[in-house]
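Peer 1: below are the sequence and a predicted model; questions follow.
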Amino acid sequence: MPTGMERIPEQRLQKLANIRAMGIDPYPPRYQRTHTAQQAVELLAQAEQSGKIETEEVNVAGRVMANRSMGKISFLDVQDGSGKIQLFLGKSVLDEQSNALVKELDIGDFVGASGVVFRTKSGEPTIRTKTLTMLSKSLQPLPEKWHGLSDVELRYRQRYLDLISNENVRKTFRLRSRIVSAIRRYMDGQGFLEVETPILHQEGGGAAAKPFVTHHNTLDRDLYLRIETELHLKRLIIGGFDKVYELGRIFRNEGISFKHNPEFTSMESYEAYADYNSVMEMLEQMVSAVAMEILGTTVVPHGETTIDLKAPWQRLSFRDAITQYSGIDFVQYPNADLLRAKMREKGLNVDPASNWAHLVDDLLSTFVEPKLIQPTFLIDYPISLSPLAKKKPGQERVVERFEAFAGGIEIANAFTELNDPLDQRERFVQQAKEKQTDGEASGVDEDFLLAMEHGMPPTGGLGVGIDRLIMILTNNQSIREVILFPTLKGKAEEQP
């Protein structure tokens, strides 16, 4: 593969040299833009309402996306962040330097244009350009058939080309930004305090996931990229903040799939004196409100069907849902060997090293999750799947936990939080024993236990997978379509 200067087309280098020879800086430091493309179009509409056929002079700027030459005149399509506008380039209108510059233009160049906006006979808003300014010479051609490329890895690796060429992709990420802002507004409006907690942790626990490990040179010790924000946010509840949330990146050393990326965005919230029932209500109200604010509806397309995000959402018992969809009542098979044998009877390929909790989770992901297209809460989980959740009164093996699903994927997870420090210690110890055989198990976090020993009020906690929620709201079937720069294979691994 050519690298460095070898990969730049000779024709473009020659045009760059020609521009410099004309005394033009092909990469000037600034340009005084007065209007975006969209603002220029709106300005023309306002002028026409006043009976005028053109506007006052405007300065627009953007990337050349099309160049149609017709002898003494040319039409350029120029695109900026707001959209496209057409430029009319006539030799009799342009100044001398601008006329010389026209023949050095390529698709992909950035230009500035000064002139009045008028409407052509075909009705196209157009700038009658008097002065053309080179703003950035593109040395690489844009792919001619970008929309037809089947190499999705290349689309994600060269996201800038994907954004240049695909308005739907740009729309997705504009919506993502607005959705995240709307979530913040909702949480702030509910009286929650947004906080920031450490990304580098001294312990690699707090959730069932493998952490990434890094090394701090000065301290000469390993640190872990956070796999959750939970334990630090609970410290703030202990410290006296009644409602807190954090919206930020989480890092988990796990596989990549249509719903998994090793780094992803999560929103976790904790509310004193709340439980998982009140958290359920808050989540369904938040998602409904965000959908209405950003999309104007709670009914969103999902492939060939639709999803209605309007509250209230369906509630199903975790046990009943697995029994219904898999035909296996896991409570009747209380250890891994018995459950594994039953799953094999059903024709499942079961990992012989999986513990009971992982087997139950396999039943959930295989049989239940794909069926939950409409928003659904699965409630009341086995305690072995939820080491940080509070037991359901009168049920020693069940905790007050829910997971929320939509579009066949999990979008949120929540507990009535465990606030008994002695019970928490016992569960940490049990997790530490399992760590020898389960790389996702947590250890004993003594610092967190010390905080809990100072007293923690009854608390409802929530974790929302922001990327997955955005998948639902934007009708995308892969998490990599809603993350600007998803984790990809190394380039060497992509070679045949």
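Peer 2: Great, that's in hand.
Peer 1: any idea how far the top helix by length along the chain is from the chain center?
Peer 2: Taking residue count as the measure and DSSP state H as the definition, the longest helix of the chain comes out as helix 167-189. Here helix 167-189 shows a centroid-to-chain-centroid distance of 10 Å under the convention Cα atoms, centre = their mean, to the nearest Å.
Peer 1: which elements pack onto that helix?
Peer 2: In this structure, helix 167-189 packs against helix 159-165, strand 193-194, strand 243-251, strand 263-272, helix 276-295, helix 466-474, with contacts taken as 3 or more Cβ pairs under 8 Å, 6 or more residues apart in numbering; DSSP states H and E. Glycine gets a C-beta too; all of them are placed from N, C-alpha and C.
Peer 1: which stretch among those comes nearest Asp423?
Peer 2: Closest approach to Asp423 among the helices and strands packed on helix 167-189 (Cβ to Cβ): helix 276-295, 16.9 Å.
Peer 1: and the next helix or strand past that closest one?
Peer 2: From helix 276-295 onward toward the C-terminus, using DSSP states H and E, the following helix or strand is strand 299-302.
Peer 1: could I get the buried residue list for that next one?
Peer 2: Val300, His302 (16 or more other Cβ atoms under 10 Å).
Peer 1: then stretch 389-408?
Peer 2: 389-392, 398-408.
Peer 1: so which of those residues comes closest to Gly248?
Peer 2: For Gly248, the closest of those turns out to be Ala404, at 19.9 Å, with distances computed as Cβ to Cβ.
Peer 1: which helix or which strand is home to the closest one?
Peer 2: Ala404 belongs to strand 395-406 when elements are defined using DSSP H and E.
Peer 1: other residues contacting that strand?
Peer 2: Strand 395-406 has contacts (Cβ atoms under 8 Å, 6 or more residues apart in numbering) with 275-276, 279-280, 283-284, 307, 309, 313, 369, 372-386, 389-392, 410-416, 472.
Peer 1: try 7 Å this time
Peer 2: Here strand 395-406 makes contact (Cβ atoms under 7 Å, 6 or more residues apart in numbering) with 275-276, 280, 283, 307, 369, 372, 375-383, 386, 389-392, 410-416, 472.
Peer 1: among the residues you listed, name the ones in strands.
Peer 2: Per DSSP state E, strands hold the following members of the contacts of strand 395-406: 307, 376-382, 391-392, 410-416.
Peer 1: highest average neighbour count across the helices and strands packed on helix 167-189?
Peer 2: Of all those, helix 466-474 carries the top mean neighbour count, a mean of 24, counting by mean count of other Cβ atoms under 10 Å.
Peer 1: now do the residue of the chain positioned farthest from its centre, the pLDDT please.
Peer 2: With Cα atoms, centre = their mean as the measure, the chain has its most outlying C-alpha, relative to the mean C-alpha position, at Ser92: 49.4 Å. At Ser92, the model reports a pLDDT of 91.
Peer 1: could you do the one 4 residues further on as well?
Peer 2: The model reports Glu96 with a pLDDT of 92.
Peer 1: OK, contacts around it?
Peer 2: Neighbours of Glu96 in contact, by Cβ under 7 Å, 6+ apart: none.
Peer 1: distance of it relative to Phe75?
Peer 2: Here Glu96 is placed at a distance of 21 Å from Phe75 (Cβ to Cβ, to the nearest Å).
Peer 1: any low-confidence regions in this structure?
Peer 2: In the predicted model, the chain carries pLDDT under 70 at residues 1-3, 144-151, 205-207, 435-442, 491-496.
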